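[1] Whatever this is, show me its structure:
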Amino acid sequence: MALESKLELKLSQRLIMTPQLQQAIKLLQLSRLELSQLISQELVENPVLEEVDTDVTEEEPKESIETFKDRAKDVKEPSLDEFRFVSEDYFEERGSDGRDLGYFPDGEEEIPSYEHFLSKPTTLADHLLWQLRLSTSEKAIEEIGEVIIGNLDENGYLQSSIEEIASMSGSKSEDVERALNLIQDFDPIGVAARDIKECLIIQLRYLGLLGTQVEEIVKNHLPDIEKRSYESIARESNISLNDVLSAVKVIEGLEPKPGRSFLNVDVRYINPDVYVQKIGDDYVITLNEDGMPKFRLSLFYKNLIRTKNFLSPAEKEYMENKFKSALWLMKSIEQRGKTIYKVAESIVNFQKNFFEKGLDHLKPMTLKDIADAISMHESTISRATTNKYMHTPQGLFELKFFFTGGLPSGGDRVSTFLVRNMIKKMVSYEDPQKPLSDQQIVELLKKNEITVARRTIAKYRIALNIPPTSIRKRISLRKEAR
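    You can find the predicted model right below:
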């Protein structure tokens, strides 16, 4: 069979993600903080962008580049000697009372950096390493201890086995055991345990309770304590129920997460992206632009490009590309604001009852509902609502909060959020001696014309941190016994 070459024309349609389109998509899903950081970065990297001080109103410079060059010729830069002479006279006058102002330190003395004045919270690892270096003079044990401390999680539990630590440190298992026993005596008590049982026993050893009923219950009956099966513990341990309750009280006073006190939780304050205010009978939507850097195109660089024969072709091409990038950024930010506004406006129109009456009137709503209302794709709605918050008369909510599934209710649908609220209220008003079962909750919801499966009730109950019927009953009995 002979081989031959030929040309063919083929017409096809493909969606190509241009860099500009990728940037627009990226900007849409950014939070306010991330967008602010991106703009600040662009102000540093793109010379044609300049930040606008909103507190100072100043006119745009109207001089051409030629005028700028003529002025620059007449400007004489002061030399370092002239500057030092003037400054020394000034500071000598200011320091005439004998005080050392310290503006020009003598010799090679280094001025402390700003970081020296910042406080840094002590971490669990820092605290343990400090104790390790004070507790042993053996270099090998110290090195193994550093590896052990490096493998602790945020709660203070050891996440690696003795064999893994030995392999990582190139040591013998016996030396790893010695180092581990040393660290387990450190503060906080219970640190470097491999599971909760070992953690509690370390604390009991510190309290002098080894060999007691408390230790026996920790070793053999932790699952029963979790289920609050105190009668079962008493029967199997051959002790009285009062003794079990006394032991449990001691165990409840122990710390299951020794590293908890060293957790540094940063408090994050949420700035809403959208404000919704009721004015008269209408809801007014306002985008929050406070704190966002304001910027504009530099008129100086505009004139620079327009000046003939001042820039080389390569320099001119570079500046033009920077202008295109800046213009596309400005357009993308504007489009981002319009999209978020449209989405927020559609949510307000769809959830009017929620804004008027509160959480119990939240309607089932999907991304498709909003996408169809404003003629956009569902993926665009998803990006526009990611990490965005709305301040409403009912409180502050993430935009994703308004998208909830629905369950059949008569001829209509009711939101799953409302069903969870109803379950929570039912459990809070139930008879402690006869807690409601999942099936009973199903029957009660049916009376309100809400059809839901029993396994769905169990799923919602777990999500609400509501224990099963048997555990709720035991808790009630325990309260009565006290």
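[2] Tell me which stretches of the stretch 351-482 of the chain form strands.
    389-392, 395-398, 406-409, 412-415 (DSSP state E, counting those that start in this stretch).
[3] Figure out which of those is closest to Tyr429.
    strand 412-415 (19.8 Å; C-beta to C-beta). (Glycine included, C-beta is placed from N, CA and C.)
[4] Can you say which of the strands of the stretch 351-482 of the chain is packed in most?
    Neighbour counts (mean count of other C-beta atoms under 10 Å) averaged over each of the strands of the stretch 351-482 of the chain peak at strand 389-392, with a mean of 21.
[5] strands paired with it, and their directions?
    With DSSP bridges as the test, strand 389-392 is paired with strand 274-279 (parallel), strand 395-398 (antiparallel).
[6] Could I get the strands of the stretch 351-482 of the chain in TSV, plus columns for mean pLDDT?
    Formatted as TSV, these follow (pLDDT from 0 to 100):
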stretch	mean pLDDT
strand 389-392	93
strand 395-398	91
strand 406-409	74
strand 412-415	78
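[7] can you list those strands in a markdown table and add distance to Arg178?
    Output for the strands of the stretch 351-482 of the chain, formatted as a markdown table (distance: least, C-beta to C-beta, whole Å):
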| stretch | distance to Arg178 |
| --- | --- |
| strand 389-392 | 53 |
| strand 395-398 | 51 |
| strand 406-409 | 60 |
| strand 412-415 | 59 |
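[8] Show me how far stretch 190-203 is from its chain's centre.
    Centroid displacement of stretch 190-203 relative to its chain, using C-alpha atoms, centre = their mean, to the nearest Å, is 30 Å.
[9] could I get it in PDB with only the CA atoms?
    This file holds the C-alpha atoms of stretch 190-203, laid out as PDB (Å, rounded to 0.1, in the frame of the first residue of the first chain):
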ATOM      1  CA  GLY A 190       0.200  13.500  79.300                       C
ATOM      2  CA  VAL A 191       2.200  14.900  76.300                       C
ATOM      3  CA  ALA A 192       3.800  12.500  73.800                       C
ATOM      4  CA  ALA A 193       1.200   9.700  74.500                       C
ATOM      5  CA  ARG A 194       0.400   7.500  71.600                       C
ATOM      6  CA  ASP A 195      -3.400   7.200  72.400                       C
ATOM      7  CA  ILE A 196      -5.900   8.700  74.800                       C
ATOM      8  CA  LYS A 197      -5.600   5.700  77.200                       C
ATOM      9  CA  GLU A 198      -1.800   6.200  77.600                       C
ATOM     10  CA  CYS A 199      -2.400  10.000  77.900                       C
ATOM     11  CA  LEU A 200      -4.800   9.500  80.900                       C
ATOM     12  CA  ILE A 201      -2.600   6.900  82.600                       C
ATOM     13  CA  ILE A 202       0.400   9.300  82.400                       C
ATOM     14  CA  GLN A 203      -1.700  11.800  84.200                       C
END
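[10] Residues touching it, excluding its own?
    If you take C-beta atoms under 8 Å, 6 or more residues apart in numbering as the criterion, stretch 190-203 is touched by 124, 128, 148-149, 152, 156-158, 161, 180, 183-184, 186, 189, 210, 215, 218-219, 222, 251, 254-256, 258-259.
[11] Format the strands paired with strand 389-392 as a markdown table; extra columns: distance to Ser240.
    Supplementary listing: the strands paired with strand 389-392 in a markdown table, determined by distance: least, C-beta to C-beta, whole Å:
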| stretch | distance to Ser240 |
| --- | --- |
| strand 274-279 | 61 |
| strand 395-398 | 51 |
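[12] nearest to Asp431, of these?
    Closest to Asp431 of those is strand 395-398 (C-beta to C-beta; 32.4 Å).
[13] Asp195 and Met319: what is the separation?
    Remark: distance between Asp195 and Met319 (C-beta to C-beta, to the nearest Å) = 64 Å.
[14] picking up where we left off before, can you select the buried ones from the contacts of stretch 190-203 in ChimeraX?
    Here is the ChimeraX command that selects the buried residues among the contacts of stretch 190-203 (16 or more other C-beta atoms under 10 Å):
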select :124,128,148,149,152,156,157,158,180,183,184,186,189,215,218,251,254,255,256,258,259
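[15] Out of the contacts of stretch 190-203, name the ones that lie in strands.
    Counting by DSSP state E, no part of these is found in strands.
[16] Can you check the pLDDT for Leu299?
    pLDDT for Leu299: 86.
[17] same check, this time on Ser346
    Value listed for Ser346 in the pLDDT field: 94.
[18] Name all residues that make contact with it.
    Ser346 sits next to 370, 373-374 when contact means C-beta under 8 Å, 6+ apart.
[19] what's Arg454 in contact with, if anything?
    Counted by C-beta under 8 Å, 6+ apart, Arg454 has contacts 438-439, 442.
[20] State the distance from it to Asn151.
    44 Å.
[21] same question, Pro408
    Relative to Asn151, Pro408 is positioned 51 Å away (C-beta to C-beta).
[22] And for the residue nearest to Ser135 when sequence neighbours are not counted, the neighbour number?
    Nearest residue to Ser135, sequence neighbours excluded (C-beta to C-beta, 6 or more residues apart in numbering): Leu182, at 6.1 Å. Other residues near Leu182 come to 20 when the count uses other C-beta atoms under 10 Å.
[23] In the lengthiest helix in the chain, which residues are buried?
    The residue-count maximum for a helix in the chain (DSSP state H) belongs to helix 313-350. Going by neighbour count (16+ other C-beta under 10 Å), the buried part of helix 313-350 is 319, 322-323, 325-326, 329, 332-333, 336, 339-348.
[24] And for stretch 21-28?
    Quick answer for stretch 21-28 (16+ other C-beta under 10 Å): 23-24, 27-28.
[25] how about it as PDB, C-alpha atoms only?
    Taking Å, rounded to 0.1, in the frame of the first residue of the first chain, the C-alpha atoms of stretch 21-28 are listed here in PDB:
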ATOM      1  CA  LEU A  21     -10.200  34.800  30.900                       C
ATOM      2  CA  GLN A  22      -8.300  32.700  33.500                       C
ATOM      3  CA  GLN A  23      -7.500  36.000  35.400                       C
ATOM      4  CA  ALA A  24     -11.200  37.000  35.400                       C
ATOM      5  CA  ILE A  25     -12.300  33.600  36.700                       C
ATOM      6  CA  LYS A  26      -9.600  33.700  39.400                       C
ATOM      7  CA  LEU A  27     -10.600  37.200  40.500                       C
ATOM      8  CA  LEU A  28     -14.300  36.200  40.800                       C
END
